[in-house]
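Asker: What follows is a predicted protein model with its sequence.
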Amino acid sequence: QVQLVESGGGLVQAGGSLRLSCAASGRTFTSDAMGWFRQAPGKEREFVTAISWRDGSTYYRDSVKGRFTISRDNAKNTVYLQMNSLKPEDSAIYYCAAGPLVTNSDYRAYDGWGQGTQVTVSS
């Protein structure tokens, strides 16, 4: 079972930046992809981006392309999410999770969910 711990959230003004981290431990070798998801109050959990541990390939939801960048440090078993040009609609709890394939955006295919980190973007 993989264990994940997110950090780096906070309060930022629109147009600002934040960098989230997701530290993984446990059976990480069974999952090729690490994904970031977010959930705003009253809304469903939605896919943000994912990266492959194996080759670093990435996949993004359209609304964050060009603003968010996912990266990984295999030596540290850590995945990062650099978020620039933040908008109020990016406000949510951000979660990382381990999944089978980087292009799989269905949260039900992922497991090892962390506790999440709150991102709040003020207008």
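Answerer: Okay, I see it.
Asker: for this protein, what are the low-confidence residue spans?
Answerer: For the chain, the stretches with pLDDT under 70 are 27-30.
Asker: do you know how far the residue nearest the centre of the chain is from residue 123?
Answerer: Nearest residue to the geometric centre of the chain (C-alpha atoms, centre = their mean): residue 36, 2.1 Å. Taken as C-beta to C-beta, to the nearest Å, the spacing of residue 36 relative to residue 123 amounts to 23 Å. The way it works is simple: take the backbone N, C-alpha and C, and place the C-beta from them, glycine included.
Asker: partners of the host helix or strand of residue 22, with directions?
Answerer: Using DSSP states H and E, residue 22 falls within strand 18-26. For strand 18-26, the paired strands and their directions (DSSP bridges) are strand 2-7 (antiparallel), strand 78-83 (antiparallel).
Asker: Any chance of TSV for these, columns mean neighbour count?
Answerer: Output for these, formatted as TSV (neighbours: other C-beta atoms under 10 Å):
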stretch	mean neighbour count
strand 2-7	18
strand 78-83	21
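Asker: quick one: the residue nearest to the centre of the chain and residue 94 touch, right?
Answerer: Yes - counting by C-beta atoms under 8 Å, residue 94 is a contact partner of residue 36 at 6.1 Å.
Asker: Now the common contact residues for the two.
Answerer: Here residue 36 and residue 94 share the contacting residues 20, 48, 81, scored by C-beta atoms under 8 Å, 6 or more residues apart in numbering.
Asker: Present these as a markdown table; the columns should include distance to residue 100.
Answerer: Listed next are the shared contacts of residue 36 and residue 94 as a markdown table, based on distance: C-beta to C-beta, whole Å:
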| residue | distance to residue 100 |
| --- | --- |
| 20 | 22 |
| 48 | 17 |
| 81 | 20 |
